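Visitor: requesting a structural model of the entry that follows:
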Amino acid sequence: MSSPRSTIFGVSEVTAAPTSPVPSAPVPPVLAALADQPRVRDFLATAVAEGRLSHAYLFVGAPGSGKHEAAEALARCVVCPHGGDATCDECRRVAHRTHPDVRWLAPGSASGYLVAQVRELIEDAGLAPVRARTKVYVLERAELLRGNAANALLKTLEEPPEAVMFILCARTTAAMLPTIVSRCQQVPFRSVSPAAGAETVMRACACTPAEARMALAVAGTPARAVDFLKSPSRREVRRLVVGALDSLARDDSWDVLLAARDLVAAVAVPLADVRQAQEDALRESQDFLTAAALKQVEDANKRELTARERSGMMEALSAAESLLRDVLARCEGIPGGAVNDDAAAVVDRIAAGCDTAGALRAIEAVGRAADDLAHNVSPQLTLEVMLLRIKEALACPPSFR
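Guide: Sure thing, here's the model as predicted:
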């Protein structure tokens, strides 16, 4: 991999021409999925084909722009023996986040990354890869690297171990340590319009425009929206969310607690496959890993399950917020533009029993729930409190048996 350069697509200005560069080689299948970010796709494809990968990338863009999908795609290109064919065991492990040589990190606290997290990363980076030739570390919300944690990572970026790649994903570089930014190759991501995102989703899975809009509202990005539409368990979570909001007017407090319990259980359903894949991968590795390395893998697996559960919970909150925004639009008499066409009757029923102020307070309750999750409040308690707050906001006072 080449030495790091603080450049943006190899040019010195952020305002580079918006046209997509012509790729010098065929685009690997895993990168072809980045159709809504053609410049990023072709830039990475060329770097992979020509063997000019940097040891540190900084993906910068707004939420929903596809940074994490691109990070996963690049990681698959790096560890796949076929350059990212999307079908081999290595690619599947990365997609399931069970590959021992690809680690995803998120801030350990609401205020940012912990020094202990970065020190553990540095220690792990010094170990040889388990299955691939290169290890990949993806850091989400890299703008939350601050103070001692940022300084600790900087030293590693300046003198990186052999066969290690870092991919930092950030919303903006404004709050980041300038020396960290300068050690990475920056890759900007443009925001994708809802219409363009819906078109991408419809091309990928042959859904209706209404389904595409709903999936984007829940999942956030076209790639995740496609995965959402293909996942019966994730669609079931959304169905339960809609049902729970629809029932609040006639539910008592006990019913609300049961609805929260059912939602948490539904979010956990996809995790069973991930947990099994982790256990299988650990069994395959235990014969040639030290006890310390096995402990690190087990800890990473636990963090991954927690992150996936949080992601599923956030998706459930997005489904609730999307429906309540439709309720707000209905209260305000705004014609058209509803996202949840399949739940129009539910929107009508809720809107008939509340006003604009109530709908706004209900949406605020969802935002507070997201903040609670970020502060490590248990998912069960978070949903219970959120549903009770929404019930009160929608003028559905609690009743008791």
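Visitor: ok, A272 - how many residues close by?
Guide: For A272, the number of neighbouring residues by other CB atoms under 10 Å comes to 10. For the C-beta atoms, the positions are set from N, CA and C on the backbone; glycine is no exception.
Visitor: before we move on, what about V40?
Guide: Applying the criterion other CB under 10 Å, we find 26 residues in the vicinity of V40.
Visitor: now stretch 116-128: mean pLDDT?
Guide: Averaged across stretch 116-128, pLDDT comes to 91.
Visitor: with stretch 359-369 instead?
Guide: Per-residue pLDDT over stretch 359-369 has a mean of 95.
Visitor: in it, what counts as buried?
Guide: Residues of stretch 359-369 classed as buried by neighbour count (16 or more other CB atoms under 10 Å): A359, R361, A362, I363, A365, V366, A369.
Visitor: now intersect the residues you listed with the helices, please.
Guide: Of the positions in these, A359, R361, A362, I363, A365, V366, A369 sit in helices, assigned by DSSP state H.
Visitor: could you list the low-confidence segments of this protein?
Guide: Filtered on pLDDT under 70, the chain yields the residue ranges 1-25, 287-289, 337, 396-401.
Visitor: what's the biggest helix in it, counting residues?
Guide: Longest helix of the chain, by residue count under DSSP H: helix 291-331.
Visitor: re the thing from before, which one of the ones in helices among the buried residues of stretch 359-369 is nearest to L294?
Guide: The shortest gap between L294 and any of those belongs to A369, at 36.1 Å (CB to CB).
Visitor: what residues are up against the residue nearest to the closest one when sequence neighbours are not counted?
Guide: Closest residue in space to A369, ignoring its immediate chain neighbours: M386 at 3.9 Å, by CB to CB, 6 or more residues apart in numbering. Taking CB atoms under 8 Å, 6 or more residues apart in numbering as the definition of contact, the neighbours of M386 are L317, A320, A365, V366, R368, A369, D372.
Visitor: which phi and psi does the residue nearest to L144 when sequence neighbours are not counted have?
Guide: In space, and not counting its chain neighbours, L144 is closest to G112: 3.7 Å by CB to CB, 6+ apart. When quoted as degrees, to the nearest 10, the phi and psi of G112 stand at phi 150, psi -170.
Visitor: residues near G112, how many?
Guide: The burial count assigned to G112 is 18, neighbours taken as other CB under 10 Å.
Visitor: follow-up on the earlier one: the residue nearest to A369 sits in which helix or strand?
Guide: helix 379-393 (DSSP states H and E).
Visitor: so what are the domain limits for this protein?
Guide: Segmentation of the chain into domains, based on automatic domain parsing, reads 29-191, 231-393.
Visitor: quick check: end-to-end length of the last one?
Guide: The one in question is domain 231-393. This stretch, domain 231-393, spans 32 Å end to end (CA to CA, to the nearest Å).
Visitor: one more: the first one?
Guide: Between the opening and closing residues of domain 29-191 lies a distance of 23 Å (CA to CA).
Visitor: quick one: that domain to chain centroid distance?
Guide: For domain 29-191, the separation from the chain centroid amounts to 13 Å (computed by CA atoms, centre = their mean, to the nearest Å).
Visitor: and which of the contacts of M386 is nearest to A344?
Guide: So of the contacts of M386, ranked by how close each gets to A344 (CB to CB), first place is A320, at 16.4 Å.
Visitor: surely the closest one and L245 touch.
Guide: Yes - contact between A320 and L245 holds when scored by CB atoms under 8 Å: they sit 6.4 Å apart.
Visitor: need the residues touching each of those two.
Guide: Contacts common to A320 and L245, judged by CB under 8 Å, 6+ apart, are I390.
Visitor: what's the distance between D372 and A110?
Guide: From D372 over to A110 the distance is 10 Å, taken as CB to CB, to the nearest Å.
Visitor: between those two, which is the more surrounded one?
Guide: Neighbour totals were compared for D372 and A110, and D372 leads with 18 against 10 (other CB under 10 Å).
Visitor: give the contact list for that one.
Guide: Residues near D372 by CB under 8 Å, 6+ apart: L381, T382, V385, M386.
Visitor: same thing with V94?
Guide: With contacts defined as CB under 8 Å, 6+ apart, the neighbours of V94 are E72, A75, R76, V79, C80, V102.
Visitor: filter those down to the buried ones.
Guide: Burial of the contacts of V94 was assessed by neighbour count (16+ other CB under 10 Å); the buried members are E72, A75, R76, V79, C80, V102.
Visitor: please, where are all the helices along the stretch 151-300 of the chain?
Guide: Counting by DSSP state H, counting those that start in this stretch, residue ranges of the helices within the stretch 151-300 of the chain are 178-182, 194-205, 209-219, 222-229, 232-247, 253-268, 271-285, 291-331.
Visitor: would a markdown table of the ones you listed with distance to A47 be doable?
Guide: What follows is these, written out as a markdown table (distance: least, CB to CB, whole Å):
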| stretch | distance to A47 |
| --- | --- |
| helix 178-182 | 19 |
| helix 194-205 | 23 |
| helix 209-219 | 28 |
| helix 222-229 | 20 |
| helix 232-247 | 33 |
| helix 253-268 | 37 |
| helix 271-285 | 28 |
| helix 291-331 | 27 |
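Visitor: closest one to G84 among these?
Guide: Using CB to CB and comparing those, the one that lies nearest G84 is helix 222-229, at 14.8 Å.
Visitor: quick one: that closest one to chain centroid distance?
Guide: Distance, stretch centre to chain centre, for helix 222-229: 11 Å (CA atoms, centre = their mean).
Visitor: quick one, it and helix 194-205 angle?
Guide: Between the direction of helix 222-229 and that of helix 194-205, the angle (axes from the mean of the first three to the mean of the last three CA atoms, to 10 degrees) works out to 50 degrees.
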